[in-house]
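Engineer: Quick one, fold the following:
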Amino acid sequence: QRARIRAMEASVRVAHSASRPQAGLTAGYDFANPNQKILPLSGDWNDTWSIGVSVNWKVLDGGRANASAAKAEAQADALRAQLLDLESRIRLEVTTRRLELDTALAGQVVARRGIEAARDAVRVSKDRYQEGVLSSSELLDAETRLLRAELEATQTEAQIHVAMANLN
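Structural biologist: Numbering: from 1, shown residues only. Predicted coordinates:
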């Protein structure tokens, strides 16, 4: 994209140069038998040199050079705008993916704390069950909460991997 912009900027300079004086220089060397530049023609090998200078200046071109330059400048501006838009979209995408990863990593901390709390609850519930002050269904509920906390931790781990893949 940047190369296209540079090429378009070069086209602008070329278009502007069309309204300026143009100079040219030519040189040539001929060694021929017969040499067409030497009269009368003979069967001898002869060499000739030639040098030329030309100057051209389009004074009245009907505004073509300016219109061509304006068109090229507009195209360059459009390419610059496209590049800025693309860069903005890329920045937004990367920022979004980074935020997703940060959120998943924060969720991992919460999930670990949830597992710790659920393990403590299961430990307390087992002690209370053994003492006979807690029913077996309440112990099963505590164990179920531990399994759910571990499942959430696994889901969070999967979200981290997905977020990292998206960021990459």
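Engineer: Strands along the chain, start to end?
Structural biologist: Using DSSP state E, the strands of the chain run over 22-32, 46-56.
Engineer: Include mean neighbour count when you put those strands into TSV, please.
Structural biologist: Yep, even glycine has a C-beta here, placed from its N, CA and C like the rest. Listed next are the strands of the chain as TSV, based on neighbours: other Cβ atoms under 10 Å:
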stretch	mean neighbour count
strand 22-32	10
strand 46-56	10
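Engineer: Let me have those in JSON lines, extended by distance to residue 78 and mean pLDDT.
Structural biologist: Formatted as JSON lines, the strands of the chain follow (distance: least, Cβ to Cβ, whole Å; pLDDT from 0 to 100):
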{"stretch": "strand 22-32", "distance to residue 78": "29", "mean pLDDT": "92"}
{"stretch": "strand 46-56", "distance to residue 78": "32", "mean pLDDT": "91"}
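Engineer: So which residues of this protein form helices?
Structural biologist: Counting by DSSP state H, the chain has these helices, from start to end: 2-17, 64-131, 136-167.
Engineer: Tell me which of those sits nearest to residue 50.
Structural biologist: Smallest distance to residue 50 across the helices of the chain (Cβ to Cβ): 27.1 Å, for helix 2-17.
Engineer: Only C-alpha atoms, please: export the closest one in PDB.
Structural biologist: Only the C-alpha atoms of helix 2-17 are listed here, as PDB (Å, rounded to 0.1, in the frame of the first residue of the first chain):
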ATOM      1  CA  ARG A   2       2.800   2.400   0.900                       C
ATOM      2  CA  ALA A   3       4.600   1.600  -2.400                       C
ATOM      3  CA  ARG A   4       1.400   2.400  -4.300                       C
ATOM      4  CA  ILE A   5       1.200   5.800  -2.500                       C
ATOM      5  CA  ARG A   6       4.900   6.500  -3.400                       C
ATOM      6  CA  ALA A   7       4.200   5.600  -7.000                       C
ATOM      7  CA  MET A   8       1.200   7.900  -7.100                       C
ATOM      8  CA  GLU A   9       3.200  10.700  -5.600                       C
ATOM      9  CA  ALA A  10       5.800  10.200  -8.300                       C
ATOM     10  CA  SER A  11       2.900  10.400 -10.900                       C
ATOM     11  CA  VAL A  12       2.000  13.700  -9.400                       C
ATOM     12  CA  ARG A  13       5.500  15.000  -9.900                       C
ATOM     13  CA  VAL A  14       5.600  13.700 -13.500                       C
ATOM     14  CA  ALA A  15       2.200  15.300 -14.200                       C
ATOM     15  CA  HIS A  16       3.500  18.700 -12.900                       C
ATOM     16  CA  SER A  17       6.600  18.400 -14.900                       C
END
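Engineer: Provide the contact partners of it at residue level.
Structural biologist: 65, 68-69, 71-73, 75-76, 79-80, 83 (Cβ atoms under 8 Å, 6 or more residues apart in numbering).
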